[in-house]
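S.K.: 3D, please:
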Amino acid sequence: MPAEEGRMSAIGTRMALTMLALLGSGCASTIAAHRPLSDGELAELNERIVARRAQLIVQAEGKAEVHQAEDVRVGRDTTVWRSPQGTAHAARPHSAPTAALQSVSVIGRWRGAAEGLGLGSGAGAVGGGAAGVLINLAAGNREVPGIVMLGFGAAVGALLGCLSGTMIGAAVGHRTAIDFTPPAPPRWQILHQREGGRDR
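M.R.: Purely as a prediction, here's the structure:
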């Protein structure tokens, strides 16, 4: 019995580590925003970040500044935001040229919980099923068929994975990063660069 408990503990640890790795890698996405932004792109961007806390990276005087923000509004020329509640400058308004904006990152808790639910149930079912089969083999139990232990372990693992995955996913959240890219150079400038390269 102590050996079986040790195997269960090891399997549970591996499941937890696997789930954390899956959530860490899966709960993030990056969107490229190509300047100049159209009115429709600005509206879509602001819809994604409305009523959420955000992290802004702004280029100022040759260096990148990181700002924690809320009520962010990206305009064609100027981006405005307020300092979050609980900070030293709570509710203080700020602004910066949109051209200096490098990225905006927001955390979605509900989406993170949904992703955690899916990933957790899948990882839990696989790990639980494997654990059931291994325990049955180690115990030498011939009365209970292996397929029954596989199904039982998978069901228990999926349930535990759902609960823990949802909680971890909600805590971690889904991170959406919007990276702003500079406008493409004019065609004449590209041709000039190519011709200059040939001259060398």
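S.K.: now what about the helix or strand harbouring L56, what contacts it?
M.R.: L56 is part of strand 54-60, with elements assigned from DSSP states H and E. Residues outside strand 54-60 that contact it (C-beta atoms under 8 Å, 6 or more residues apart in numbering) are 64-70, 72, 79, 81, 96, 100-106. All C-beta spots, glycine's among them, are computed from the backbone N, C-alpha and C.
S.K.: for the buried ones among those residues, write the corresponding ChimeraX selection.
M.R.: Applying 16 or more other C-beta atoms under 10 Å to these, the buried members can be selected in ChimeraX as follows:
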select :67,69,70,72,79,81,96,100,101,103,104,105,106
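S.K.: going along the chain, name the helices of this structure.
M.R.: Counting by DSSP state H, one finds helices in the chain at the ranges 2-26, 39-49, 109-139, 146-172, 187-199.
S.K.: report the angle between the second one and strand 54-60.
M.R.: The reference is to helix 39-49. With axes from the mean of the first three to the mean of the last three C-alpha atoms, to 10 degrees as the basis, helix 39-49 and strand 54-60 are set at 130 degrees to each other.
S.K.: in this structure, where is pLDDT below threshold?
M.R.: Along the chain, the model assigns pLDDT under 70 to residues 1-26, 86-90, 141-145, 183-200.
S.K.: longest strand anywhere in it?
M.R.: Across the chain, the longest stretch assigned as strand under DSSP state E is strand 63-74.
S.K.: what lines up beside that strand in the sheet?
M.R.: strand 54-60 (antiparallel), strand 78-82 (antiparallel) (DSSP bridges).
S.K.: and for it, what's in contact with it?
M.R.: 37, 42, 45-46, 49, 51-59, 79-85, 87, 94, 98, 101-102, 104.
S.K.: list only buried entries from those.
M.R.: Buried among the contacts of strand 63-74 (16+ other C-beta under 10 Å): 37, 42, 45, 49, 52, 54-58, 79, 81-84, 98, 101, 104.
S.K.: next one: the strand holding L56 to chain centre, how far?
M.R.: Strand 54-60 has its average C-alpha position 19 Å from the chain's average C-alpha position, going by C-alpha atoms, centre = their mean, to the nearest Å.
S.K.: present the strands paired with strand 63-74 as a markdown table; the columns should include distance to A125.
M.R.: Formatted as a markdown table, the strands paired with strand 63-74 follow (distance: least, C-beta to C-beta, whole Å):
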| stretch | distance to A125 |
| --- | --- |
| strand 54-60 | 35 |
| strand 78-82 | 43 |
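S.K.: to A171, which of the ones you listed lies closest?
M.R.: A171 lies closest, by C-beta to C-beta, to one member of the strands paired with strand 63-74: strand 54-60, at 17.3 Å.
S.K.: who's in contact with A125?
M.R.: A154, A155, G157, A158, G161.
S.K.: from R82, how far out is it?
M.R.: 44 Å (C-beta to C-beta, to the nearest Å).
S.K.: can you pull the contacts of G146?
M.R.: Counted by C-beta under 8 Å, 6+ apart, G146 has contacts V133, N136, L137.
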